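Asker: sequence and predicted structure below; questions after.
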2 protein chains.
Amino acid sequence: MGKLLIVGTVAFDEIETPFGKTDKILGGAATFIGLSASQFDVASAIVSVVGDDLPQEYLDLLENKNIDISGIEVVKGGKTFYWKGKYHNDLNSRDTLATELNTLADFNPIVPENFKNAEIVMLGNLHPSIQMGVINQMSERPKLIILDTMNFWMDNALDELLEVIKKIDVLTINDEEARQLTNEYSLVKAAKEIQKMGPKYVVIKKGEHGALLFHKENVFFAPALPLEEVFDPTGAGDTFAGGFSGYLATTNNISFENLKKAVIHGSNLASFCVERFGTERMQDLKREDVSKRLHQFKMLTQFDIELK
Amino acid sequence: MGKLLIVGTVAFDEIETPFGKTDKILGGAATFIGLSASQFDVASAIVSVVGDDLPQEYLDLLENKNIDISGIEVVKGGKTFYWKGKYHNDLNSRDTLATELNTLADFNPIVPENFKNAEIVMLGNLHPSIQMGVINQMSERPKLIILDTMNFWMDNALDELLEVIKKIDVLTINDEEARQLTNEYSLVKAAKEIQKMGPKYVVIKKGEHGALLFHKENVFFAPALPLEEVFDPTGAGDTFAGGFSGYLATTNNISFENLKKAVIHGSNLASFCVERFGTERMQDLKREDVSKRLHQFKMLTQFDIELK
């Protein structure tokens, strides 16, 4: 069992989908990553910042999942990062109605002493200079650094993003963003270009169309589980990242074969996330339900053709 | 080895993609299905109609692939069905620039005597009353009737389409069309609704995002092979159908397990079709290349997670 260091937002989300709307509820990349990774036996810690307007029960919830929250700075009188969004009818696209950085604007991440030697580092979507700041605090080179990002940073902090991408092992990115970053329409070509930028592994997330893992000439694909209802896609990508990094931390094995399994575990966990609003489904998710659905994943993808 | 009866167009296509354009070349659903199915040891026959403007070399090409073409009616002085289309830059959408039904307008399909007992019938995309006409000529109920259709028939001949759908075993249809046919956005729900209409099996084709096979509570998924270049998507769906039906005919086994393999073979063959204009890649495709790529499919999708 390895240590997993998670960096990202702990936030308020306010969500509207065709099926309903929420008030301000618990959200944030690090929250989803942490909840998802807690499905494995890992020692994990979150580095983040919130205001003291965040209900204590949200922090308790994370701590009750055995997540070390000593790296979550609570700013007295500060306000927590807030995002409000509305999904379109097909749930594949959304409008951001509000983004308030609040305490995140001056976030100076501090890695807890006992996680400076974490084997796996999962850098959730944040300003690339914050992601770099975390890498620089590690006392030894982690076995695997995974970085998630989005088009916002390509548009607004491309130089810093390219600098931090040089330092990492796995980039997780969605299909449109991979195209934007590389100017290649073909995802196969885009993944090759990204590997030239630094990361040995590239995970391209295609939402309901699954995820691709690239490494040199190797490609592996995990579908998203076809669901009767997708209720709220918020956090699905982060839940994927949590399953991916959590599985790698618990197995402490970064071979390509094991990364393939990590992609499946990530996809499996993401399939739960979208069944309820926000973190609701992930909060009380039982390991036996996760195992059962893993069986469905095998049924969905495995076939028996003998090769000549 | 079973007999495979193929019904569909043999046509002229004129295609423009971002990579170039063609003159009038050989196309048509039955052509792609037949070429693809010829990768297996099957006795196949095409039922279709053309004008005598179709070069003899096109018919020779099919015959040289051991396809029985006695069911292709050549209308003296008639003109062959013609389609002209232009793909957009992402190759995911296209504009139809011309459609001339020509001899197809009065097509009265005649099934060759020695194929009236074919085990597998593959009804390519055509007017549903033509598809029904073929079913009615069979001397015994085929083991498996597969039907492909498109939104055009839902818009223009829905009653006839629903009648023929009642009589078949497998419907192959793309994702948007499945939604249109059922008014269900979720493909899982759409597949359930389609099963209520008659077919025991539903194949939903998602183009570059792969294909789903549904049967009762079972779902199987085959990705499209990620390619560096997709050159021309024309005929990919029919090539899939040809691999699917050809494999089922050669194995003469219609269990769900074998249908899964058929979906993989169909996806595998479709990955070649898109590499060149029209039928170019399929005309001289070697079985050893097909086998090699099947190996890539296994690498792409197979993983080894032990379930508890």
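Answerer: Looks like it came in fine. Numbering: from 1, shown residues only, chains lettered A, B, ... in the order given.

Asker: every contact and neighbour count from this point should use C-alpha atoms.
Answerer: Will do.

Asker: now the helices for chain A?
Answerer: A:29-37, A:56-64, A:128-137, A:151-156, A:158-165, A:175-182, A:187-197, A:236-251, A:256-273, A:280-283, A:287-301 (DSSP state H).

Asker: okay if I get those helices as JSON lines plus distance to chain B, mean pLDDT and mean neighbour count?
Answerer: JSON lines is the format used below for these (distance: least, Cα to the nearest Cα, whole Å; pLDDT from 0 to 100; neighbours: other Cα atoms under 10 Å in any protein chain shown):
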{"stretch": "helix A:29-37", "distance to chain B": "17", "mean pLDDT": "98", "mean neighbour count": "30"}
{"stretch": "helix A:56-64", "distance to chain B": "25", "mean pLDDT": "98", "mean neighbour count": "14"}
{"stretch": "helix A:128-137", "distance to chain B": "29", "mean pLDDT": "98", "mean neighbour count": "19"}
{"stretch": "helix A:151-156", "distance to chain B": "20", "mean pLDDT": "95", "mean neighbour count": "14"}
{"stretch": "helix A:158-165", "distance to chain B": "23", "mean pLDDT": "98", "mean neighbour count": "18"}
{"stretch": "helix A:175-182", "distance to chain B": "12", "mean pLDDT": "96", "mean neighbour count": "19"}
{"stretch": "helix A:187-197", "distance to chain B": "5", "mean pLDDT": "98", "mean neighbour count": "20"}
{"stretch": "helix A:236-251", "distance to chain B": "12", "mean pLDDT": "98", "mean neighbour count": "28"}
{"stretch": "helix A:256-273", "distance to chain B": "7", "mean pLDDT": "97", "mean neighbour count": "24"}
{"stretch": "helix A:280-283", "distance to chain B": "20", "mean pLDDT": "97", "mean neighbour count": "17"}
{"stretch": "helix A:287-301", "distance to chain B": "4", "mean pLDDT": "96", "mean neighbour count": "16"}
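
Asker: format those helices as TSV; extra columns: distance to residue A:44.
Answerer: Shown next, in TSV, are the helices of chain A (distance: least, Cα to Cα, whole Å):
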stretch	distance to residue A:44
helix A:29-37	7
helix A:56-64	10
helix A:128-137	15
helix A:151-156	26
helix A:158-165	22
helix A:175-182	28
helix A:187-197	28
helix A:236-251	8
helix A:256-273	16
helix A:280-283	16
helix A:287-301	18
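
Asker: out of those helices, flag the one nearest residue A:47.
Answerer: Residue A:47 lies closest, by Cα to Cα, to one member of the helices of chain A: helix A:29-37, at 8.0 Å.

Asker: of the helices of chain A, which is nearest residue B:22?
Answerer: Closest among these, using Cα to Cα: helix A:187-197, at 26.0 Å.

Asker: counting by contacts, list what the closest one packs against.
Answerer: helix A:175-182, strand A:201-205 (3 or more Cα pairs under 8 Å, 6 or more residues apart in numbering or on different chains; DSSP states H and E).

Asker: dump these into TSV; add distance to residue A:15 as well.
Answerer: Output for these, formatted as TSV (distance: least, Cα to Cα, whole Å):
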stretch	distance to residue A:15
helix A:175-182	23
strand A:201-205	22
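
Asker: of these, which approaches residue B:103 most closely?
Answerer: By Cα to Cα (comparing all of those), the closest turns out to be helix A:175-182, at 43.8 Å.

Asker: among the helices and strands packed on helix A:187-197, which is nearest residue B:107?
Answerer: When the helices and strands packed on helix A:187-197 are compared (using Cα to Cα), the closest one is helix A:175-182, at 44.4 Å.

Asker: who does that closest one touch, helix- and strand-wise?
Answerer: Using 3+ Cα pairs under 8 Å, 6+ apart, helix A:175-182 is in contact with helix A:151-156, helix A:187-197, strand A:201-205.

Asker: would a markdown table of those with distance to residue B:203 be doable?
Answerer: Output for those, formatted as a markdown table (distance: least, Cα to Cα, whole Å):
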| stretch | distance to residue B:203 |
| --- | --- |
| helix A:151-156 | 35 |
| helix A:187-197 | 25 |
| strand A:201-205 | 24 |
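
Asker: residue B:188 is nearest to which of the ones you listed?
Answerer: strand A:201-205 (21.1 Å).

Asker: got the contact list for residue A:221?
Answerer: Contacts for residue A:221 (Cα atoms under 8 Å, 6 or more residues apart in numbering or on different chains) come out as A:210, A:211, A:212, A:213, B:223, B:300, B:301.

Asker: what about those, which are in strands?
Answerer: Of the positions in the contacts of residue A:221, A:211, A:212, A:213 sit in strands, assigned by DSSP state E.

Asker: beta-bridge partners for the second one, please?
Answerer: In this entry, residue A:212 is beta-bridged to residue A:204, residue A:221, by DSSP bridges.

Asker: wait, it sits on residue A:203?
Answerer: Yes - with contact defined as Cα atoms under 8 Å, residue A:212 counts as touching residue A:203 (5.5 Å).

Asker: let me see the mean pLDDT of the longest strand anywhere in chain A.
Answerer: Longest strand of chain A, by residue count under DSSP E: strand A:43-51. The average pLDDT for strand A:43-51 rounds to 98.
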